[in-house]
Structure formats: C-alpha cells, structure tokens
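Visitor: predicted structure and sequence below. I'll ask about it afterward.
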Amino acid sequence: MTKLSVNINKIATLRNARGGNVPDLLKAATDIQNFGAHGITIHPRPDERHIRYQDARDLKPIVHTEYNIEGNPEKQFIDLVLEVKPDQVTLVPDAVDALTSNAGWDTIKNRDFLKEVISEFKRNGIRTSIFVDPILEMINGAAETGADRIELYTESFATEYAGGNEQSVQMYAAAAKRAGELGLGVNAGHDLSLDNLKFFKQNVPNLLEVSIGHALISEALYLGLENVVSMYLQRLK
C-alpha cells in the first residue's frame with residue numbers, strides 16, 4: 001500500500017492567523033497519526049508564515065510514524081534538518097516569496113549542489129528525496145545526485161485531470177517507471193485530492209508515498225479530519 005503523509009502546514013496557517021495555540025498543531029499531528037496516516041510532513045519557510053522552525057523541533061517527539069521535512073536547502077533549513085533528524089528530507093527549490101511550491105529541480109544544472117547537500121544528510125542517516133517534474137532528463141539527473149527518492153510534482157496532472165484529460169498521467173507513469181529502473185523510490189505530491197488520487201495511484205507504478213496537505217485539510221472542513229484520512233487511505237489501497 002502506498003503510504004499517506006499528511007502535510008500540516010495549513011493547520012499552522014490557521015493557528016498563526018489569530019496567535020495563540022488554536023488549533024493545536026501537536027494535537028492535530030497526534031490525531032492524524034492515530035487516525036491511520038503513515039506520516040507527517042511539514043514545509044517550513046524562512047518567513048515562518050505557517051510552520052515555524054520551533055514547530056519542527058516540537059513535533060520530533062510527537063511523530064511516531066514517518067517524519068518528513070520539506071524545504072529549500074538554504075543554510076537555516078539545512079541546520080534545522082541536521083538538528084531535528086527527521087526520517088526523510090524532501091528538497092524543494094522554492095523561491096523565498098513563493099506562495100507554494102511551483103516547480104521541480106533542474107537536477108542537471110544543480111547536480112553538484114544537490115550532491116553536496118544530499119551527502120551531508122545521508123551521512124546523518126536521513127533519507128533524501130528531490131522534488132522534480134515528470135521529465136525523464138530530470139529523473140536521470142536525480143539519480144546522479146545520490147538521492148534515495150524523487151517526489152513527483154503533480155500540479156500539472158491535477159489540473160489536466162480536472163479538465164478531463166486522463167492522458168496527463170502517462171508522463172508521470174513513465175517518470176516513475178524510469179525512477180524504478182534507476183533504483184530511486186517514488187513519492188508524489190501537490191494538488192492530489194480525493195477526486196484524483198485513486199486514478200493517479202492506479203496508473204503510476206512504484207508509488208511509495210504521497211504527501212497531501214491543502215486538499216486534505218480543506219476537505220476535512222466539510223467531512224471531518226478522521227473521516228477524510230480514512231477516505232484517503234481507502235483510495236491508496
């Protein structure tokens with residue numbers, strides 16, 4: 001079964017809107033795991049507009065499943081990851097002012113940089129994943145960095161699928177197949193939802209894990225968090 005890691009950034013956004021500790025991020029992470037999710041994902045950004053760097057530290061003893069920290073490997077982020085030592089770090093080439101992740105790495109142009117960062121994380125026993133577009137050249141380049149996994153950036157699939165184009169999944173299937181041939185594990189994330197996840201899972205091979213936040217937390221407003229986590233797990237079976 002493909003694992004479900006729940007990104008809790010949006011819960012932190014809601015908390016930060018009023019200050020204080022409502023909703024309680026640590027309780028939410030605990031509940032999500034108790035509801036059956038296989039992991040917790042956070043994506044701290046330099047302005048700490050949702051997840052704060054202290055949240056990453058506070059979550060460490062709370063996350064008893066898989067702990068995944070995403071972000072742009074600038075010095076502050078690297079130092080945080082080496083301090084917290086999550087199970088997995090996912091490298092994302094976010095601009096400082098990016099509203100959300102909007103592109104994968106150019107693994108060819110950034111190969112030497114990524115190799116250096118990844119080797120440091122791996123020396124510290126942290127599994128590494130690289131956020132990439134479903135382009136075979138970028139998959140080939142990812143393998144040369146020493147990464148353990150890739151995370152396929154799925155916004156394009158979600159947009160096309162919503163418009164009725166089911167063929168858009170084929171480029172992801174090809175990318176995942178190539179990753180498997182190169183010995184890379186395959187994760188996926190961004191705009192995956194209850195509407196499109198089952199189709200994606202059925203058509204993309206070697207899918208180890210999906211990281212889902214915005215859609216899942218939004219759907220939970222209507223359907224309840226425990227119910228929504230269960231619905232996602234059913235789609236991943």
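Guide: Structure received. Numbers count the residues shown, from 1 in each chain.
Visitor: ok, V81 - how many residues close by?
Guide: When counting by other CB atoms under 10 Å, one arrives at 25 neighbours for V81. For glycine as for every other residue, the C-beta is placed from the backbone atoms N, C-alpha and C.
Visitor: check contacts around it.
Guide: When contacts are counted by CB atoms under 8 Å, 6 or more residues apart in numbering, V81 is found next to I69, G71, V89, F121, I126.
Visitor: kindly reformat the residues you listed as JSON lines containing distance to V186 and secondary structure.
Guide: Output for these, formatted as JSON lines (distance: CB to CB, whole Å; DSSP: H, G, I helix; E, B strand; the rest coil):
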{"residue": "I69", "distance to V186": "19", "secondary structure": "strand"}
{"residue": "G71", "distance to V186": "20", "secondary structure": "strand"}
{"residue": "V89", "distance to V186": "16", "secondary structure": "strand"}
{"residue": "F121", "distance to V186": "19", "secondary structure": "helix"}
{"residue": "I126", "distance to V186": "18", "secondary structure": "coil"}
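Visitor: which of the residues you listed has the most neighbours?
Guide: Neighbour-wise, the contacts of V81 (other CB under 10 Å) top out at V89, 30 neighbours.
Visitor: what's opposite it in the beta bridge?
Guide: I69, T128 (DSSP bridges).
Visitor: measure it to S211 for me?
Guide: 12 Å (CB to CB, to the nearest Å).
Visitor: shaky segments in the chain?
Guide: 95-102 (pLDDT under 70).
Visitor: closest to the mean position in it, which residue would that be?
Guide: S211 (4.1 Å; CA atoms, centre = their mean).
Visitor: can you pull the contacts of that residue?
Guide: S5, V6, N7, G39, T41, N68, E70, T90, E151, N187, A188, G189.
Visitor: ramachandran coordinates for I212?
Guide: Backbone torsions of I212, given as degrees, to the nearest 10, read phi -130, psi 130.
Visitor: bridging across strands, which residues link to it?
Guide: V6.
Visitor: next, the buried residues of the helix or strand containing A28.
Guide: Remark: A28 resides in helix 25-34, with elements defined by DSSP states H and E. By 16 or more other CB atoms under 10 Å, the buried positions in helix 25-34 come out as L25, L26, A28, A29, T30, I32, Q33.
Visitor: in JSON lines, list these along with distance to E155.
Guide: Formatted as JSON lines, the buried residues of helix 25-34 follow (distance: CB to CB, whole Å):
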{"residue": "L25", "distance to E155": "25"}
{"residue": "L26", "distance to E155": "29"}
{"residue": "A28", "distance to E155": "25"}
{"residue": "A29", "distance to E155": "25"}
{"residue": "T30", "distance to E155": "30"}
{"residue": "I32", "distance to E155": "23"}
{"residue": "Q33", "distance to E155": "27"}
